[in-house]
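Q: pasting the structure only:
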């Protein structure tokens, strides 16, 4: 598959999957049920082992099982992307090779964190990775977590790496699209990982969003993205208005904890997270409950707009 074809396939609403635990261990059955629900809800892709999926605290065997479950259930219907970025180039290569061996469609690789490499060091890191694997790469820029930020010049240099097919940005800064796009070839996709600005990012020219909130509202998030891509902006903004309270509540604390808490309220998923993360505070619990209740009231009591009705809302 060409870079252009694969980039077109990876788009729309992609769920950054949580990783269910039971009594501290990976809950494989819970993950299977969650992935199947996502697929039945029309989600466009699966991102496994990311920050939302508590990737940094998963061991090699757990990562392998998670990838196997996602690949098996997806059956090629949607792409399976695996987060493989670490603060160590050698480990990043190992995790990417594992994902490639197990059938992932692409790797989602954050910039090396904690060590604060230079822009030249970042490019070298990804060149080393690309030399070691044929798996397509989506580079994740998340300065709030890595303490480093991509410059437009570095973005252009990274796009020259043959296996790079996209850049994902979690800063929430919509100006990134305008700053980056002019220096990028058309086959490089730009993605958002920031739920609050996901719709605006797509309208500005993004080709998809990796979403934590989609764990909770896959159908709505997919409909919002598809409405925007089809230029049905009124419908997209209607959905965004419905989701805004949820986006705000989930941002009160770390996404794995808030998303799992919401799923525990809605479904039979344990809210357990691994240390150093802990369960949410009482104030966050109240905010999440209010957000979920507002969505249910919308679904139960409001007559949908005609366009929203045609979109299956």
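A: Yes, it's here. As the structure is a computational prediction, the values presented were derived from the model and not from experiment.
Q: can you list phi and psi of the residue nearest the centre of the chain for me?
A: In the chain, the residue lying closest to the centroid (CA atoms, centre = their mean) is residue 210, at 2.7 Å. Here is the backbone geometry of residue 210 (degrees, to the nearest 10): phi -90, psi 110.
Q: now it, which residues is it bridged with?
A: For residue 210, the beta-bridge partners under DSSP bridges are residue 14.
Q: how about it, what does it touch?
A: Residues in contact with residue 210 (CB atoms under 8 Å, 6 or more residues apart in numbering) are 14-16, 47, 50, 81, 108, 168, 191-193. All C-beta atoms are positioned from the backbone trio N, CA, C, and that covers glycine.
Q: which residues touch the helix or strand where residue 284 lies?
A: Element membership of residue 284 [criterion: DSSP states H and E] is helix 282-301. By CB under 8 Å, 6+ apart, the residues outside helix 282-301 that reach it are 216-217, 220, 242-243, 245-246, 248-250, 252-253, 258, 261-262, 265-266, 280.
Q: repeat the analysis, applying 7 Å as the threshold.
A: Outside helix 282-301, the residues that touch it by CB atoms under 7 Å, 6 or more residues apart in numbering are 217, 242, 245-246, 249, 252-253, 258, 261-262, 265-266.
Q: Throw the residues you listed into CSV and include secondary structure and distance to residue 227, thanks.
A: Below are those laid out as CSV (DSSP: H, G, I helix; E, B strand; the rest coil; distance: CB to CB, whole Å):
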residue, secondary structure, distance to residue 227
217, coil, 14
242, helix, 12
245, helix, 19
246, helix, 17
249, helix, 23
252, coil, 27
253, coil, 29
258, helix, 25
261, helix, 28
262, helix, 23
265, helix, 27
266, helix, 23
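Q: now the contacts of residue 210: which count as buried?
A: Buried by 16 or more other CB atoms under 10 Å: 14-16, 47, 50, 81, 108, 168, 191-193, out of the contacts of residue 210.
Q: now, the residues you listed that are in strands?
A: 14-16, 47, 81, 108, 168, 191-192 (DSSP state E).
Q: export those to a markdown table and tack on pLDDT and distance to residue 288?
A: Listed next are those as a markdown table, based on pLDDT from 0 to 100; distance: CB to CB, whole Å:
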| residue | pLDDT | distance to residue 288 |
| --- | --- | --- |
| 14 | 99 | 22 |
| 15 | 99 | 18 |
| 16 | 99 | 17 |
| 47 | 99 | 22 |
| 81 | 99 | 27 |
| 108 | 99 | 26 |
| 168 | 97 | 25 |
| 191 | 97 | 26 |
| 192 | 97 | 22 |
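Q: farthest-apart pair in the contacts of helix 282-301, please.
A: The most widely separated members of the contacts of helix 282-301 are 242 and 253, with 22.0 Å between them, by CB to CB.
Q: Provide a list of residues in contact with residue 208.
A: If you count contacts by CB under 7 Å, 6+ apart, residue 208 has them with 10-12, 14, 189, 191.
Q: from residue 284, how far out is it?
A: If you measure residue 208 against residue 284 using CB to CB, to the nearest Å, the figure is 28 Å.
Q: also residue 190?
A: Counting by CB to CB - residue 190 and residue 284 are separated by 31 Å.
Q: which one's more surrounded, those two?
A: residue 190 (22 against 19; other CB atoms under 10 Å).
Q: what about the nearest residue to that one once chain neighbours are set aside, which helix or strand?
A: Closest residue to residue 190 apart from its sequence neighbours, by CB to CB, 6 or more residues apart in numbering: residue 206 at 5.0 Å. Residue 206 belongs to no helix or strand when elements are defined using DSSP H and E.
Q: how about residue 227?
A: helix 218-229.
Q: and that helix, what does it pack onto?
A: Other elements packing on helix 218-229 under the criterion 3 or more CB pairs under 7 Å, 6 or more residues apart in numbering; DSSP states H and E are strand 12-16, helix 198-203, helix 233-250.
Q: which of those sits closest to residue 72?
A: The nearest among the helices and strands packed on helix 218-229, by CB to CB, is strand 12-16 at 16.5 Å.
Q: any idea how far residue 221 is from residue 233?
A: Residue 233 is 16 Å from residue 221, by CB to CB.
Q: to clarify, my last question referred to residue 51.
A: Residue 51 is 18 Å from residue 221, by CB to CB.
Q: more crowded one of these two?
A: Comparing residue 51 with residue 221 by other CB under 10 Å, the one with more neighbours is residue 221, at 31 against 21.
Q: test my guess that the more buried one contacts residue 211.
A: Yes - counting by CB atoms under 7 Å, residue 211 is a contact partner of residue 221 at 5.5 Å.
Q: give me the common contacts of the two.
A: Residues touching both residue 221 and residue 211 by CB under 7 Å, 6+ apart: residue 13.
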